[in-house]
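*Asks:* Whatever this is, show me its structure:
(chains A and B)
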Amino acid sequence: MSPRETFALRDYLGPSLKGRTISDAQRVVSLTDILEHTCLGDRLGELAGRSVLMAVSDQLISGLVMTEIDGVARRMLLCPPDLNADHLQSLMEDADIDAVVTDQPERWTDTDVKLVIPAGPPARAATQVKTERGTEWLMLTSGTSGVPKIVGHTLEALTGAIVADGPARSAAAVWATFYDIRRYGGLQIFLRAIVGGGSMVLSSPHEALADHVARLQARGVTHISGTPSHWRKLLMSGSASSFFPRYVRLSGEIADQAVLDGLSAAFPAASIGHAYASTEAGVGFAVNDGREGFPADIVGVVRDGVEMKVEDGSLRIRSRRTAHAYVGRNAAELADRDGFVDTGDIVELRGDRYHFVGRRGGIINIGGLKVHPEEIEAIVNRQLEVRMSRAKSRRSPITGGIVVVDVILADDADASRSDEIRKAILADCKASLAPHKVPAMIKFVSSLDITAAGKLARHDA
Amino acid sequence: MSVRLKIISAMRQIAEEQKVTLPPLDDALSLHETGFDSLAFAILVARLEDDLGIDPFTISENATFPLTVGDFIEAYENVPA
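*Replies:* So this is what the prediction gives:
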């Protein structure tokens, strides 16, 4: 039996597909002849077999460097741009890092890293490099507190869902995402562009949303993904009317009916899908029927190599797309004895569909009772006048905590009717929620914080 | 509007939202007899904190919760704004 052939990203890049590009707000780089170029000054060979930290601040150069390093280094650790510098040393020790690729080499002159290779814009390469091994991809979890965990993937696991969807769906697609491609959700889209033979339009930090959307349209973006929070922000901006994607994808947070309906109204010609994925559990499934939740009959069966079960209220996934381990000195087990990864996402069966109700760790305490804020937000968000909301617990000397909801009104809602809207929200909450989950206070606000990972900030969760 | 009037008006609004029928509010009425449950009081205290900027029941560690409507109003009136 011969060993399985090892594929790397470079095997999906080549001169046969013309007109492929990767771009950000400043630059457009051709992918068609990218294999003849290097961002590492022809020093890629020095990284063979090493554990490489990718500390490249520039997202476009990061993406190109990933395609160079994959199949050469032993492992590469991707750093999202908002990584807390205080955590870097401990993460490097956990990942056994012995080389750094960076666009800021001056920052590494006084460190004990043996090999620092500067990364810059692509230049003509003198030598071509061959795939030597399967590189381990290390990603960081997007938890908001403490040191992030390192999660180990293979390219095969990362691209499992892309290969399963087949090439037809995304032929000649121009992909874009509001995520950074050094996070799982963004990396999925980058890999879809590379593996599927398409092009990629990156987000740019500090770019105004209207400018970003104009750029997406100008570059001909056909397929685009973001979190429900990203999409609500876009819907609120009024920029959606000049953008015409064919496929709109949501992931990373619960996609409630309100945001799905909002997107189908804003993009009537697009198909709209919400995907379930996490850094640890990989891509679980995508739902394309325009309804929140997912069909109960995909649980308990093996579908496209993914098997799901619900235990103690949370969704658990076993597949070849999950990460294979947490990496580090005190790394916990990633999967249970049977190979299932506990996603920590709590689901509830209603009729023939499961609905996501919240995160196990995101429970707020209301007078001693456990409440998922997302469950309340889903009810509030379904009011036509509401664009977005955040439920939280407010300390109370009397009951220990009460539910407070901050609400952003839709752009066409008349703010002078706020009393009436408040009453309508309360009436719907009373009809749909247990008494202790009904908001005690509703405040109208003009904005809600979004984390660097594109999720609604929950400081008190 | 005086503190007293603000408290009475907030109680009426919450009573309406919580479907509570308030008896006539006089100072001697015990809080128990208002028909407010702990959630309704929690809402009242939170709204008054936003409106008046004070929560007399968490300022002091050993604050006791008032027994009558009069005690309740007094707790707010006695806190320097």
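*Asks:* List, one by one, the residues from chain B near chain A.
*Replies:* B:17, B:38-39, B:41-43, B:45-47, B:50, B:55, B:57-58, B:63, B:65 (C-beta under 8 Å from any C-beta of the partner chain). (Each C-beta comes from the backbone N, C-alpha and C, glycine too.)
*Asks:* For ChimeraX, write the selection for the buried entries among those residues.
*Replies:* To isolate the buried members of the residues of chain B next to chain A in ChimeraX, using 16 or more other C-beta atoms under 10 Å in any protein chain shown:
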select /B:17,39,41,42,43,45,46,47,55,57
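*Asks:* Could you list which of the residues of chain B next to chain A belong to strands?
*Replies:* Counting by DSSP state E, those place none of their members in strands.
*Asks:* who's in contact with residue 70?
*Replies:* All of this refers to chain A. Counting by C-beta atoms under 8 Å, 6 or more residues apart in numbering or on different chains, residue A:70 makes contact with A:8-10, A:76, A:135, A:137, A:155.
*Asks:* I was thinking of chain B, sorry if that wasn't clear
*Replies:* So residue B:70 contacts B:26-28 (C-beta under 8 Å, 6+ apart).
*Asks:* any idea which helix or strand comes after the lowest-mean-pLDDT helix or strand in chain B?
*Replies:* The weakest-scoring helix or strand in chain B, judged by mean pLDDT, DSSP states H and E, is helix B:56-59 (a mean of 72). Scanning forward in sequence from helix B:56-59 by DSSP states H and E, the next helix or strand is helix B:69-77.
*Asks:* Chain A: helices as residue ranges?
*Replies:* Secondary structure of chain A (DSSP state H): helices at A:59-69, A:88-94, A:155-158, A:160-165, A:184-195, A:209-218, A:228-237, A:257-266, A:373-381, A:418-432.
*Asks:* Would you format those as CSV with mean pLDDT, distance to chain B and mean neighbour count included?
*Replies:* As requested, those are exported to CSV (pLDDT from 0 to 100; distance: least, C-beta to the nearest C-beta, whole Å; neighbours: other C-beta atoms under 10 Å in any protein chain shown):
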stretch, mean pLDDT, distance to chain B, mean neighbour count
helix A:59-69, 97, 42, 24
helix A:88-94, 94, 38, 16
helix A:155-158, 94, 47, 18
helix A:160-165, 84, 45, 18
helix A:184-195, 95, 36, 25
helix A:209-218, 96, 31, 16
helix A:228-237, 91, 25, 22
helix A:257-266, 94, 23, 20
helix A:373-381, 95, 15, 24
helix A:418-432, 91, 6, 16
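*Asks:* Figure out which of these is closest to residue A:333.
*Replies:* Among these, helix A:88-94 comes nearest to residue A:333, with 15.6 Å by C-beta to C-beta.
*Asks:* who's residue A:21 bridged to?
*Replies:* residue A:30 (DSSP bridges).
*Asks:* was I right about it contacting residue A:30?
*Replies:* Yes: between residue A:21 and residue A:30 there is a contact under C-beta atoms under 8 Å: 5.7 Å.
*Asks:* Show me which of these two is the more surrounded one.
*Replies:* Under the criterion of other C-beta atoms under 10 Å in any protein chain shown, the comparison of residue A:21 against residue A:30 puts residue A:21 first, with 18 against 15.
*Asks:* Could you measure from residue A:244 over to residue A:221?
*Replies:* Note on residue A:244: its distance to residue A:221, by C-beta to C-beta, to the nearest Å, is 9 Å.
*Asks:* any idea how far residue A:79 lies from residue A:181?
*Replies:* Taking C-beta to C-beta, one finds residue A:79 at 12 Å from residue A:181.
*Asks:* mind checking the end-to-end distance for stretch A:392-406?
*Replies:* 8 Å (C-alpha to C-alpha, to the nearest Å).
*Asks:* Okay, buried residues for it please.
*Replies:* A:392-394, A:396-399, A:401-406.
*Asks:* And for residue A:412, the neighbour number?
*Replies:* 9.
*Asks:* ditto for residue A:255
*Replies:* As a burial measure, residue A:255 scores 26 neighbours (other C-beta under 10 Å).
*Asks:* you'd agree it is up against residue A:292?
*Replies:* Yes: Residue A:255 is in contact with residue A:292 according to C-beta under 8 Å; the separation is 6.2 Å.
*Asks:* what's the closest non-adjacent residue to the residue nearest the centre of chain A?
*Replies:* Centroid-nearest residue in chain A, with C-alpha atoms, centre = their mean: residue A:185, separated by 2.4 Å. In space, and not counting its chain neighbours, residue A:185 is closest to residue A:179: 4.4 Å by C-beta to C-beta, 6 or more residues apart in numbering or on different chains.
*Asks:* Thanks a lot, see you next time.
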